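[1] 3D, please:
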Amino acid sequence: QVQLVESGGGLVQAGGSLRLSCAASTFIFRNNAMAWFRQAPGKEREFVAQISRIAGTNIADSLKGRFTISRDNTKNTVYLQMDSLKPEDTAVYYCAAGTRWETTPSAYDDWGQGTQVTVSS
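    Next up, the predicted model:
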């Protein structure tokens, strides 16, 4: 059973913006912190942002000022707003849910299928 479904990826020019969405099942959304990770070809999966059940947030230091995470509790959805995109932001972006407030992928129990973001120069 699919618990997390990402959407919103695509091709954008450098300097542009995208907003990713992650729709979760009610149980997952209400009982977990939510996070975004990304993985570029040939690289390890890396932490992007996380948001707690009470909307506390944490953004990877290298992305602060450009990326924002938010959640809509009425829609069981988490968003990742990405502005001033750069070619190095190109990756598959994954939504994840977990009970621990950590930034390592192994701390998260449930994952979406990923959505491709490609930033052209």
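
[2] residues contacting Ser121?
    Contacts were defined as CB atoms under 8 Å, 6 or more residues apart in numbering; by that measure Ser121 touches 14, 87. Where C-beta positions appear, they are placed from N, C-alpha and C, glycine not excepted.

[3] Find the residue at the geometric middle of this protein.
    Taking CA atoms, centre = their mean as the criterion, Trp36 is the residue nearest the geometric centre of the chain, at 2.5 Å.

[4] Next, find the distance separating that one from Ile28.
    15 Å (CB to CB, to the nearest Å).

[5] Residues contacting the helix or strand where Leu11 lies, please?
    Element membership for Leu11 (DSSP states H and E) is strand 10-13. Residues from elsewhere that reach strand 10-13 (CB under 8 Å, 6+ apart): 18, 85, 116-120.

[6] Would you indicate which residues of the least confident helix or strand in the chain by mean pLDDT are buried?
    Of the helices and strands making up the chain, the lowest-confidence element is helix 26-31, at a mean of 91, by mean pLDDT, DSSP states H and E. The neighbour-count criterion (16 or more other CB atoms under 10 Å) identifies 28-29 as the buried residues of helix 26-31.

[7] All set, thanks.
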